[in-house]
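[1] heads up, no residue letters with this:
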């Protein structure tokens, strides 16, 4: 499954890397013929109304392409694979890469041999051509094969999915003596992904317009949102652990010795926890990334901890089994 997700992420990043390579190659070929500063922003009538130095232009091109590539990689890797969704999402990524790559290239070409950047023009028909390029790129992305897990592959990482009822109604996995099992899922948050995308676009626009102080803040916010938008949730011999996708810290860990009982149930985030993120309420806390299925753990001090994630029933059953084994051994 991890190999499939890595291939999905590579497929998502590919069009943005290709667009970046084209734009940087074009810049390298035209560098000696470009003014400094360049015309970088254009009004609706095609006239230039903003400039940018050549160095910041290269930085902007890199940040925009790589940021959009990272966003699409996170979107492709989030959730469970579905052929229809992934193909359309991949097509959308190719369309965005094609449109952005063309408009940046057109901006460079419009500046060639210009002596006064304020007199450079980028006619509105260039946008129409960019939309055409985006449509062709989307068609290509839609036709590309999308990697999927082999038929019959199990969604959980444990060797068994047979459940029995533990005392008090808590589910339990039927593991043999000495058998080792683990479970892992991503828990994507559409809210954080959306916020990260908005901040990334806003920061790129501000950077393009020369607003460095505001751009840095927006881009930093985008990185934070995207870094925490799709955390890993694991259940193994150490207990339950939740951590960011690309960072080892900060993380939340509930050790097996602190687990009295684990169940899965539906949670309405706003009604029960008042919002998204790490939430604390009287007698309970939780990592709330969306409404829906969640692992709910009763801890030894009587408090509850919950995390919203798919396949919570399997995780709760394994957690009960491992916690029972821990108590029996110690």
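    Now that the structure is in, tell me what you want to look at. The model shown is predicted, which means the values in this text are computed figures rather than measured ones.
[2] how about the contacts made by residue 217?
    By C-beta atoms under 8 Å, 6 or more residues apart in numbering, the residues touching residue 217 are residue 203. To be clear about C-beta, it is placed using only N, CA and C from the backbone, and glycine gets the same treatment.
[3] quick check, pLDDT for it.
    As predicted, residue 217 sits at a pLDDT of 76.
[4] which SS class is it?
    helix (DSSP: H, G, I helix; E, B strand; the rest coil).
[5] would you quantify the distance from residue 222 to residue 103?
    20 Å (C-beta to C-beta, to the nearest Å).
[6] these two: which is more packed in?
    residue 222 (24 against 18; other C-beta atoms under 10 Å).
[7] after whichever helix or strand the more buried one is part of, next one along is what?
    Here residue 222, judged by DSSP states H and E, is contained in helix 212-227. Later in the chain than helix 212-227, the nearest helix or strand by DSSP H and E is strand 232-236.
[8] residues contacting the residue sitting nearest the centre point of the chain?
    Compute the mean C-alpha point of the chain, and by C-alpha atoms, centre = their mean the closest residue is residue 74, 2.8 Å away. Residue 74 sits next to 188, 193, 196, 226, 229-230, 245 when contact means C-beta under 8 Å, 6+ apart.
[9] residue 277: what's it in contact with?
    Listed by C-beta under 8 Å, 6+ apart, the contact partners of residue 277 are 287-289.
[10] just residue 251 next, same as before
    With C-beta under 8 Å, 6+ apart, residue 251 has these contacts: 241-244.
[11] neighbouring contacts of stretch 33-49?
    Identification of contacts with stretch 33-49 by C-beta under 8 Å, 6+ apart yields 27, 50-54, 57, 60, 107-108, 110-124, 208-210.
[12] what's the span of it, first residue to last?
    21 Å (C-alpha to C-alpha, to the nearest Å).
[13] quick one: pLDDT of the closest residue in space to residue 139 that isn't next to it in sequence?
    Excluding the flanking residues, the one nearest residue 139 by C-beta to C-beta, 6 or more residues apart in numbering is residue 91, at 7.4 Å. Per-residue confidence (pLDDT) for residue 91: 85.
[14] and the helix or strand that residue 91 is a member of, what does it pack onto?
    Using DSSP H and E, residue 91 maps to helix 83-111. With contacts taken as 3 or more C-beta pairs under 8 Å, 6 or more residues apart in numbering; DSSP states H and E, helix 83-111 sits against helix 2-30, strand 38-42, helix 54-77, helix 125-143.
[15] and of the ones you listed, who's closest to residue 201?
    helix 54-77 (8.6 Å; C-beta to C-beta).
[16] in that closest one, what's buried?
    Neighbour-count burial for helix 54-77 flags 56-58, 60-61, 63-65, 67-77 (criterion: 16 or more other C-beta atoms under 10 Å).
[17] do the same with stretch 218-226
    For stretch 218-226, the neighbour count (16+ other C-beta under 10 Å) marks 218-219, 221-223, 225-226 as buried.
[18] for stretch 6-22, same thing?
    For stretch 6-22, the buried set under the neighbour-count rule, 16+ other C-beta under 10 Å, comprises 8-9, 11-16, 18-20, 22.
[19] got a markdown table for these, with pLDDT too?
    Shown next, in a markdown table, are the buried residues of stretch 6-22 (pLDDT from 0 to 100):
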| residue | pLDDT |
| --- | --- |
| 8 | 76 |
| 9 | 78 |
| 11 | 82 |
| 12 | 83 |
| 13 | 87 |
| 14 | 89 |
| 15 | 90 |
| 16 | 91 |
| 18 | 91 |
| 19 | 91 |
| 20 | 90 |
| 22 | 91 |
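[20] got the residues you listed as TSV, with distance to residue 179 columns?
    Compiled in TSV, those are given as follows (distance: C-beta to C-beta, whole Å):
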residue	distance to residue 179
8	31
9	32
11	36
12	37
13	38
14	40
15	44
16	44
18	47
19	49
20	48
22	53
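[21] residue ranges of each domain in the chain, please.
    Following automatic domain parsing, one gets these domains for the chain: 2-152, 163-187+230-329.
[22] can you say which of those is nearest to residue 201?
    domain 2-152 (8.6 Å).
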